[in-house]
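In: What follows is a predicted structure for the sequence shown.
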Amino acid sequence: MLTFCFKLLFLLGIALSASHANTAVEQALLQKNTYTISGSFSPYDFEPKGDNDPFDWAYTMRTSGTVYQLRGVDPTPQSVFGWKKLATQSSALRPETPMWYMFQLDGDVDGDGSNRFDWVLVLATGGNKAVYKLEGVKENGTFKYSDKLNIDYKITGNTITTAAAGTFDAPANVPENNESTNTACVPLPQENVGQKTVLRVTKYYDTSSRYTDIVHTVVSRTATSMVTTTEHQSSGITKTETLTTAFSINGNYQDTSSILSERTGLSPKTTTYSPYWREPFHEVCENQTWSFNVNTTIGSDTTSENVTYRIVALNESKTVAGGTFNTIHIEIVTGNDTKNQWIDIASGALISEETRNSDGSLQNSTE
């Protein structure tokens, strides 16, 4: 696994030597020890497939979620990375879990008269750590990096804290809000654009229940938004609700800022979340938890809630009317309500969902 994690550095032409690390960079990292992650590198086999191109890497901007292909266009002295912006981030183009995080140093640390190469890469996966500084471009077009820097670090959310070697005993990734560092992890699947799922939604009352069959469809997805539709029959008429979700990708999370609902026969309605509603995106790990406080505004009404997500189990077998599926089991606690979801690992589709009151009674279910 460690060999695989270092693939980026070796493919970009790095030859580690026995010389001393760049002390000027180490001093800079110790003098200022808090940095904001600019983006992340993930391996992706761009066309032509299977050619082992050293530039088969996707770069995802931390703030916007915009995805770029490394050296997708010819580089220039001012744009040494040759970024090619990818217009969409469908499931076919979704980068894998980040392998490296990148941040920029303050000022011209290397003294070359510009900030083009004042960038640092840190290993983002597992408990192993590695820190390298970009140093230039070789004659063959690949990048040159420093020797491995004698620097320790930890990653918390969008921040990297650097320190002297041996400062942090914990692994590099320190998840937010006591998130588990359990290594049993799987990629989180995303529904394909055009994928349809037939679901039965049941609402429960004191002594009765009522169900509606719906067709859920993913219409489109970009790096910052997704459009889905839900169709159902009512009095012989097909009614459609279209949801447009606006979000940003923050590391391993999707932070939703708003959802626009457009429904047949009704006025549009927008739900906004401040600062965000946070869901998993790239990868999930067993027993992983995270919490956040969110203000939800619909029209003139605003409510404040504390939300806790927990990954209950991976590869959990779930049997519903449509068959038996291998799923990711997620629990979401909001106020007095607890919601459990089962996501199909193969397709990313919601297989089952149950929302219960504080006394354990069912509010509604979907399968």
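Out: That came through fine.
In: Tell me where the model's unsure across the stretch 101-250 of the chain.
Out: 125-127, 169-184 (pLDDT under 70).
In: Strands along that one, start to end?
Out: Assigned by DSSP state E, counting those that start in this stretch, the stretch 101-250 of the chain shows strands spanning 119-123, 131-137, 143-145, 151-156, 159-164, 185-187, 196-204, 209-221, 225-234, 237-250.
In: Same list (those strands) but as a markdown table, adding mean neighbour count and distance to residue 265.
Out: C-beta: built from backbone N, CA, C; applies to glycine. Shown next, in a markdown table, are the strands of the stretch 101-250 of the chain (neighbours: other Cβ atoms under 10 Å; distance: least, Cβ to Cβ, whole Å):
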| stretch | mean neighbour count | distance to residue 265 |
| --- | --- | --- |
| strand 119-123 | 23 | 53 |
| strand 131-137 | 21 | 56 |
| strand 143-145 | 21 | 57 |
| strand 151-156 | 20 | 47 |
| strand 159-164 | 17 | 47 |
| strand 185-187 | 16 | 40 |
| strand 196-204 | 16 | 19 |
| strand 209-221 | 15 | 16 |
| strand 225-234 | 16 | 9 |
| strand 237-250 | 17 | 7 |
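In: what are the ranges of the helices in this protein?
Out: Per DSSP state H, the chain has helices spanning 2-5, 7-11, 23-31. These are given in chain order.
In: neighbours of residue 65, just the number please.
Out: Residue crowding around residue 65 was assessed by other Cβ atoms under 10 Å; the count is 20.
In: Who does the closest residue to it other than its chain neighbours form a beta bridge with?
Out: For residue 65, the nearest residue in space outside its immediate sequence neighbours is residue 249; the separation is 3.3 Å by Cβ to Cβ, 6 or more residues apart in numbering. Counting by DSSP bridges, residue 249 is bridged to residue 254.
In: And the residue nearest the centre of this structure?
Out: Central residue check for the chain by Cα atoms, centre = their mean: the C-alpha nearest the mean position is that of residue 252, 3.2 Å away.
In: Quick check: the most far-flung residue of the chain relative to its centre vs residue 57, distance?
Out: With Cα atoms, centre = their mean as the measure, the chain has its most outlying C-alpha, relative to the mean C-alpha position, at residue 207: 41.8 Å. Counting by Cβ to Cβ, to the nearest Å, the gap between residue 207 and residue 57 amounts to 59 Å.
In: Return the set of residues that bridge with the closest residue in space to residue 299 that isn't next to it in sequence.
Out: Spatially, and ignoring its direct neighbours in sequence, residue 299 is nearest to residue 269 (7.3 Å; Cβ to Cβ, 6+ apart). Partner residues in beta bridges with residue 269: residue 261, with DSSP bridges as the criterion.
In: try residue 104
Out: Using DSSP bridges, the beta-bridge partners of residue 104 come out as residue 119.
In: what's around it, how many residues?
Out: Residues near residue 104, counting by other Cβ under 10 Å: 15.
In: Now for it: which residues touch it?
Out: When contacts are counted by Cβ atoms under 8 Å, 6 or more residues apart in numbering, residue 104 is found next to 35, 38, 115, 118, 119, 120.
In: residues in contact with the third one?
Out: Under the criterion of Cβ under 8 Å, 6+ apart, the neighbours of residue 115 are 104, 105, 107, 108.
In: what about the last one, distance to residue 120?
Out: The one in question is residue 108. Note on residue 108: its distance to residue 120, by Cβ to Cβ, is 14 Å.
In: Kindly report the same for the second one.
Out: Separation of residue 105 from residue 120 (Cβ to Cβ) stands at 6 Å.
In: Need the residues touching each of these two.
Out: When Cβ under 8 Å, 6+ apart defines a contact, the residues bordering residue 105 and residue 120 alike are 25, 29, 35, 133.
In: Quick check: chain neighbours aside, which residue is closest to the second one?
Out: For residue 29, the nearest residue in space outside its immediate sequence neighbours is residue 162; the separation is 4.3 Å by Cβ to Cβ, 6+ apart.
In: Hmm, that neighbour is touching residue 27, no?
Out: No - in terms of Cβ atoms under 8 Å, residue 162 does not count as a neighbour of residue 27; the distance is 11.0 Å.
In: Quick check: can you name the pairing partners of the biggest strand by length in the chain and their directions?
Out: The strand of greatest length in the chain, counted in residues with DSSP state E as the criterion, is given as strand 301-320. The partner list of strand 301-320 in its sheet, established with DSSP bridges, is strand 289-298 (antiparallel), strand 323-334 (antiparallel).
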